[in-house]
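Trainee: Compute the structure for the input listed below.
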Amino acid sequence: METIKAFLKRKNIVISARRYGIDALGAMAQGLFCSLLIGTILNTIGSQFHISFLTEQLITINGVGYTIGGMASFMSGAAMAVAIGYALQAPPLVLFSLATVGYACNVMGKAGGPLAVLFVAIIASEAGKAISKETKIDILVTPIVTTLVGIGAAWVIAPPIGAAASAFGQLIMRATDLQPFLMGVLVSVLVGVALTLPISSAAICSVLGLTGLAGGAAVAGCCAQMVGFAVMSFRENGWGGLVSQGLGTSMLQMPNIVRNPRIWIGPTVASAITGPIATCVFRLQMNGDAINSGMGTCGLCGQLGVWTGWIAPSETAIANGAAAITPTAFDWAGLFLISFILPAILAPAVNQICRKLGWVKDGDLTLA
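Mentor: Take a look at the predicted model:
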C-alpha cells in the first residue's frame, strides 16, 4: 500500500472529491465556454447583424458546412478534455492526446456528451500520467496509452452515461412543465447555490441539457445569487465588487459564507421567489445552449442564451420541442425583471432583515 501511495504521489495523481468534483468540473465548464458557448455567440452575432465573415461557411466536413462559430462548437469535446487534463496537471504528451479522446467521447455520449467527457478525460488523464516518462520511448508510449485508454473507456461508458444524463435532464424538464411552481423553486435554488459553491453550475446544466422552463428557472437562480450578492454588498465593496460579482461570479463570497453562512440567506430566498415567477408568470425559457442556464449574469451569458433561444433555438432545445419566436415586450420585461431588477430588490431586502436580527453585520460581505 505504501508503494502505491508513493507512486501516486510521484505521479501527482490525487484521488479526491476536490480535484475531480471541483477542479476538473470547473475546468470542463471553461473548455465548454471557450468552444460551444463562444461559437454560439459568434453565430448569433453574425446572423443578427449580418456580418458575412461570421456567417460564411469556411470548411465542409461530411457534407456539412461550418462557420467560425460552428467550428468552435464542433471542437467542444476536445476543448473540454484538454481543459480537464490541464486542471489535473497532466504532462504535455497526455494533455495533447486528450484532444482526440474528448472529441470521440463527446460524439459517443451524444446529448450527455459533456458528462461522459468529464469521466473519460479523468480516466485517460490519470492513466497517461501514470505511464508518462516510465519508458525510454515516452513520446510513443504515453500518447498511445492515453488515447487507447480514453477511447476504450469512452466506447464502454459514454453511451450509457450520456443516456442517463439525458434521461435525468428530461425528467427535470418534464417535472418543471408539470409542476412549474414547485420545480421553479427547487431548480432555481439548487442551481443558484451550485453557482456560488466552488463547483460549476454551467457544467451541471450542460451535462443535464437543461433547456425550456427548467433552464429559465436555473437562470433565475443564478442571477439571484450574482446580482443579489453584488447589490447587497455594495456598501462594503463599491463599484468594483458590484462588477466582479454581478458580471463575474458570486463564488467570490465563499470565504465570507464559510465565516458566516447567514449572509447566504438573502440571495437564496431571492432565488426561491424569482424561480417560480420565471416559470409561472413569465414562462421564461432558456432555449439557447444549455450551458447558458448555469451562467446567470456572468458576461451576460444567461441573457444572451435566452435571446439566442428566442431567435435561433439550440439543437437540444429543438429536440425538446422548442421553436423560434419573436419576443414581445412582456418577454423582455420578464427577462430584465428576473435577471436584474427583482434580485437587486429582494436579496438586499431579506439581508436587511437579517441585519436587524443581528445575523449579518457590517464587514461580513467584504471581499478579500
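
Trainee: So which elements touch the worst-scoring helix or strand of the chain on mean pLDDT?
Mentor: Evaluated with mean pLDDT, DSSP states H and E, the helix-and-strand set of the chain has its lowest mean pLDDT in helix 38-49, which scores a mean of 79. Applying 3 or more C-beta pairs under 8 Å, 6 or more residues apart in numbering; DSSP states H and E, one finds that helix 38-49 contacts helix 52-55, helix 68-74, helix 301-311. Heads up, the C-betas are built off the backbone N, CA and C, glycines and all.

Trainee: Show me which residues of it are buried.
Mentor: Going by neighbour count (16 or more other C-beta atoms under 10 Å), the buried part of helix 38-49 is 38-47.

Trainee: With distance to Leu118 added, can I get the residues you listed in JSON lines?
Mentor: Rendered in JSON lines, the data for the buried residues of helix 38-49 read as follows (distance: C-beta to C-beta, whole Å):
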{"residue": "Ile38", "distance to Leu118": "20"}
{"residue": "Gly39", "distance to Leu118": "20"}
{"residue": "Thr40", "distance to Leu118": "20"}
{"residue": "Ile41", "distance to Leu118": "23"}
{"residue": "Leu42", "distance to Leu118": "25"}
{"residue": "Asn43", "distance to Leu118": "25"}
{"residue": "Thr44", "distance to Leu118": "26"}
{"residue": "Ile45", "distance to Leu118": "29"}
{"residue": "Gly46", "distance to Leu118": "30"}
{"residue": "Ser47", "distance to Leu118": "31"}
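
Trainee: wait, which of the residues you listed is closest to Cys301?
Mentor: Nearest to Cys301 out of those is Ile41 (C-beta to C-beta; 8.1 Å).

Trainee: OK, contacts around that closest one?
Mentor: If a contact means C-beta atoms under 8 Å, 6 or more residues apart in numbering, then Ile41 has 69, 304, 308 as its contacts.

Trainee: Excluding chain neighbours, what is closest to the last one?
Mentor: When you say that, I think you mean Thr308. Distances taken as C-beta to C-beta, 6 or more residues apart in numbering put Gly288 closest to Thr308, at 4.1 Å, once the chain neighbours are dropped.

Trainee: That neighbour contacts Gly39, doesn't it?
Mentor: No. Taking contact to mean C-beta atoms under 8 Å, the distance of 11.8 Å between Gly288 and Gly39 leaves them out of contact.

Trainee: Return the residues in contact with the residue nearest to Thr308.
Mentor: 40, 211, 304-309, 313-314, 317.
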